[in-house]
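Enquirer: Sequence plus the predicted model coming up.
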Amino acid sequence: MLQEYQMGPFQVTPIRVTHSIPDCCGLILRSEHGSIVHTGDWKIDENPVDGEHFDRSTFDLLSKEPISLMMSDSTNVLSPGRTPGEAVVRDSLCQKVLDHAGKGRVVVTQFASNLHRLASVKAAADAAGRRICFIGTSLGTYLEAAYRDGRAPINPAELIKPNQLRDHDPNKVLIVTTGSQAEPRAQLSLASRSASENLRIGPQDLVLYSAKVIPGNETQVSQMLNSLALQGARVVASRSDNLHVSGHAYQGELEEVLRFVKPQHFLPVHGEYSFLVEHARLARQRAGVLFTEVIKNGQMLGIHERRNRNTLSTGSMAAAAAGKEQASGEQQQSGISVIGEVDLFRLFNDGSRGTGTAAEMGIPEREAMAFEGIIVAAVDVIRPKLAAGKGGMGCKARVTTRGMWTESGKLLDVLHQAIQAAVSRLPGDASLGQVERDIIDACQKAARWFNNKKPEVIVVAFEHDPRAAGIPDMVTRPRRQQPAATGKAATAAPAQQQQRVAVPWGPQGTQPRRSPAAAEQQQQQQQEVTAAAAAAIAVPAAQQAPAAAAN
């Protein structure tokens, strides 16, 4: 800490803060245009687990230099007082694990990144003579990273592997697992649904909820804890049990650091918009900061350095801003204002492989399939016989649904009827693309009528008889007139002029696209037609030859 380095136009100095993970820091960014202090995520822990204390002295020294802007964490701005230290959790965990001695396993769930909490869990396990087992991939990921950096509270080699749990005495095991926010694929959440391969909850288990419920997750976390209790486990999750302390500062600490730094301008960050507004109010009313601003994601903020906490400097940018303020009749120069906005959009990651926008990752389609269901139809198209002329087609369809109420298969009957009706209305020479489009429309209308759903519909149409698809309607056209001939050639000319040639045409006079096999068959049929026409011409000529000889 406090080792300066250059980052673009800024001279950056890290400054020690305390949090729920090790080696946390705030940043001092100095430049020729002014200085910025960003606290990062922080609290003031008077007795940190790793012995690295909050650097009060450096924060106090910042008041001796002009700080143009301070940005600070607003997560717990609504909580009065000061954040309890991690030592409180360590003592509580030790007591509860010791009280469960000889009664079965202990299962602890926490945020995977909270390495200080892992140190408290390790202290409790050592006090009770239990070995630790991690169940959840992210726990191992964070521990391995900390171990490589020399900051791991647990040696990964000492952990019990999940597949070895059955070989150990339940009274000598402490399980740490993921899923404190009831994430559907996390291990504790899976165990609550009896869906985890590695963790089965039993009546002898003690479940310690050593985390905070993130706003918005209350319902699913409550359902998960209820399911664990229904399986017989004892669940301890009350705030009064002191199983969790926050890594973010309460009001008392927020005010203390603002009074240390004495910034010219203050911008609250990291929290709901209402939290930011409350933090700005706290800075003005309790810490004496005169100029604050609250912005939304994507907005850009312009800051002008001041000669002191009250007066703008005479730099060109500040002078221009001051002139505008005076022209508009403002009495006090704020020196801080929104100067622009960036159009932000979300990017989604799909299993660490694909990343893109909602449209690129098919998010609307996934939501539609999740809420509306999906219909898949394979349709065998039966075209009318060539001799029968144009007419409606028939089909054989195989239909399946997923994620839809079918009322014991009645929906499938309705869909079959809709598909048959849609195909029968099409002309015999309709393309497979037209068949698929009409069937999709028919299935969507049928589903809307049946259960008021708008499912995703996938249709694959194919030819029942590929030969029928390769023989279009036959039309005729006269062959181009040949030049006049003399002698025997003139005798055969009238017959040649009356010859009709069969020519294949597709819809709207265009040659249809066909598979190689259909094209080859069509060529063979054309050759047969041509041979038959030639034979028809040869027969009269052969009959005329004996007569000419007799003459």
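Expert: Yes, it's here. Residues are numbered from 1 along each chain as shown.
Enquirer: Distance of residue 170 relative to residue 118?
Expert: In this structure, residue 170 and residue 118 are separated by 21 Å, where distance is defined by C-beta to C-beta, to the nearest Å. All C-beta atoms are positioned from the backbone trio N, CA, C, and that covers glycine.
Enquirer: Settle it for me: which of these two has more neighbours?
Expert: Higher neighbour count among residue 170 and residue 118: residue 118, with 24 against 17, using other C-beta atoms under 10 Å.
Enquirer: so what's the more buried one up against?
Expert: With contacts taken as C-beta atoms under 8 Å, 6 or more residues apart in numbering, residue 118 has the following neighbours: 110, 143, 153, 154, 176.
Enquirer: Take the residues you listed and keep only those in helices.
Expert: Filtering the contacts of residue 118 for membership in helices, criterion DSSP state H, returns residue 143.
Enquirer: Most neighbours among the contacts of residue 118, which one is it?
Expert: By neighbour count, taken as other C-beta under 10 Å, the most surrounded of these turns out to be residue 176 (27 neighbours).
Enquirer: check contacts around it.
Expert: 108, 109, 110, 118, 121, 132, 133, 134, 135, 136, 139.
Enquirer: Looks like the second one contacts residue 212 (just checking).
Expert: No: contact between residue 109 and residue 212 fails when scored by C-beta atoms under 8 Å: they sit 11.7 Å apart.
Enquirer: With neighbour numbers in mind, choose between the two.
Expert: Set side by side, residue 109 and residue 212 show unequal neighbour counts under other C-beta under 10 Å, the larger going to residue 109 at 30 against 18.
Enquirer: So what's the predicted local confidence for the more buried one?
Expert: Residue 109 is assigned a predicted lDDT (pLDDT) of 97.
Enquirer: Name the surrounding residues that touch the helix or strand where residue 229 lies.
Expert: Under the criterion of DSSP states H and E, residue 229 resides in helix 218-230. Taking C-beta under 8 Å, 6+ apart as the criterion, the residues outside helix 218-230 that touch it are 179-182, 188-189, 191-193, 201, 207, 209, 213, 235, 237.
Enquirer: hmm, 10 Å instead?
Expert: Contacts made with helix 218-230 from outside it, assessed by C-beta atoms under 10 Å, 6 or more residues apart in numbering, are listed as 107, 109, 179-184, 186, 188-194, 201, 205, 207, 209, 211, 213-214, 217, 233-237.
Enquirer: tell me the contacts of the residue lying closest to residue 293 once chain neighbours are set aside?
Expert: Of all residues not flanking residue 293 in the chain, residue 336 sits nearest, at 5.0 Å (C-beta to C-beta, 6 or more residues apart in numbering). For residue 336, the contacting residues are 68-69, 264-267, 291-293, 295, 301-304, 321, taking C-beta under 10 Å, 6+ apart as the criterion.
Enquirer: Show me the strands in the stretch 201-350 of the chain, by range?
Expert: With DSSP state E, counting those that start in this stretch applied, the stretch 201-350 of the chain shows strands at 206-209, 234-236, 265-269, 291-292, 299-303, 336-341, 348-350, listed in chain order.
Enquirer: What score does the residue positioned nearest the centre of the chain have for pLDDT?
Expert: The central residue of the chain, meaning the one whose C-alpha is nearest the mean C-alpha position (C-alpha atoms, centre = their mean), is residue 348 at 4.2 Å. As summarised for this prediction, residue 348 has a pLDDT of 92.
Enquirer: Not counting sequence-adjacent ones, nearest residue to it?
Expert: The nearest residue in space to residue 348 (C-beta to C-beta, 6+ apart) is residue 361, at 4.6 Å.
Enquirer: so where does that neighbour fall, helix or strand?
Expert: With the criterion set as DSSP H and E, no secondary-structure element contains residue 361; it sits in neither a helix nor a strand.
Enquirer: Residue 354 versus that one, what's the distance?
Expert: Taken as C-beta to C-beta, the spacing of residue 361 relative to residue 354 amounts to 7 Å.
Enquirer: what's the spacing between residue 6 and residue 26?
Expert: Residue 6 sits 18 Å away from residue 26, taking C-beta to C-beta as the criterion.
Enquirer: Please apply the same query to residue 247.
Expert: 14 Å.
Enquirer: list residues touching both of those two?
Expert: Counting by C-beta under 10 Å, 6+ apart, the common neighbours of residue 247 and residue 26 are 41, 42, 73.
Enquirer: tell me the contacts of the nearest residue to the second one once chain neighbours are set aside?
Expert: This points to residue 42. Using C-beta to C-beta, 6+ apart and skipping residues adjacent in sequence, the residue nearest residue 42 is residue 17, 3.8 Å away. Contacts were defined as C-beta under 10 Å, 6+ apart; by that measure residue 17 touches 1, 24-26, 39-45, 52-55, 59, 73, 249, 257.
Enquirer: and what of residue 28?
Expert: Contacts of residue 28 (C-beta under 10 Å, 6+ apart): 2, 4, 10-15, 35-38, 58-59, 62, 65, 67, 261.
Enquirer: How many residues are close by residue 172?
Expert: Neighbours of residue 172 under the rule other C-beta under 10 Å: 14.
Enquirer: wait, residue 378 sits on residue 399?
Expert: Yes: the pair residue 378 and residue 399 passes the contact test of C-beta atoms under 10 Å, sitting 8.0 Å apart.
Enquirer: Give the intersection of the neighbour lists for these two.
Expert: Joint contacts of residue 378 and residue 399 (C-beta under 10 Å, 6+ apart) are residue 459.
Enquirer: between those two, which one's more packed in?
Expert: A direct count of neighbours by other C-beta under 10 Å for residue 378 and residue 399 places residue 399 higher, at 20 against 14.
Enquirer: tell me which element the more buried one falls in.
Expert: In this structure, residue 399 sits in strand 394-402 according to DSSP H and E.
Enquirer: re the thing from before, what is the nearest of the shared contacts of residue 247 and residue 26 to residue 286?
Expert: Looking at those and their distance to residue 286, the nearest is residue 73, at 16.5 Å (C-beta to C-beta).
Enquirer: If you drop the residues flanking it in sequence, what lies closest to the closest one?
Expert: Excluding its sequence neighbours, the residue lying closest to residue 73 (C-beta to C-beta, 6+ apart) is residue 270, at 4.7 Å.
Enquirer: Give me the distance between the residue lying closest to residue 405 once chain neighbours are set aside and residue 113.
Expert: Leaving out its chain neighbours, the residue that sits closest to residue 405 by C-beta to C-beta, 6+ apart is residue 451, at 5.4 Å. Computed with C-beta to C-beta, the distance linking residue 451 and residue 113 is 44 Å.
Enquirer: if you average pLDDT over the helix or strand following the strand holding residue 399, what comes out?
Expert: Next helix or strand after strand 394-402 toward the C-terminus (DSSP H and E): helix 410-424. Averaging pLDDT along helix 410-424 gives 95.
Enquirer: Next SSE downstream of helix 410-424?
Expert: helix 432-451.
Enquirer: Which secondary structure elements does that following helix sit against?
Expert: Packed against helix 432-451, as judged by 3 or more C-beta pairs under 10 Å, 6 or more residues apart in numbering; DSSP states H and E, are the following elements: helix 363-372, strand 374-382, strand 394-402, helix 410-424, strand 456-463.
Enquirer: Same list (those) but as JSON lines, adding distance to residue 341.
Expert: Putting the helices and strands packed on helix 432-451 into JSON lines (distance: least, C-beta to C-beta, whole Å) gives the following:
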{"stretch": "helix 363-372", "distance to residue 341": "24"}
{"stretch": "strand 374-382", "distance to residue 341": "39"}
{"stretch": "strand 394-402", "distance to residue 341": "42"}
{"stretch": "helix 410-424", "distance to residue 341": "48"}
{"stretch": "strand 456-463", "distance to residue 341": "36"}
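Enquirer: who wins for proximity to residue 85 among these?
Expert: Closest approach to residue 85 among the helices and strands packed on helix 432-451 (C-beta to C-beta): helix 363-372, 42.2 Å.
Enquirer: who's in contact with that closest one?
Expert: Where contact means C-beta under 10 Å, 6+ apart, the residues beyond helix 363-372 that reach it are 346, 348, 350, 356-359, 362, 374, 402-404, 444, 447-448, 451-456.
Enquirer: related to what we said a few turns ago, any idea which of the contacts of residue 176 is the one closest to residue 79?
Expert: Proximity to residue 79 was ranked across the contacts of residue 176 by C-beta to C-beta; first place goes to residue 110, at 20.0 Å.
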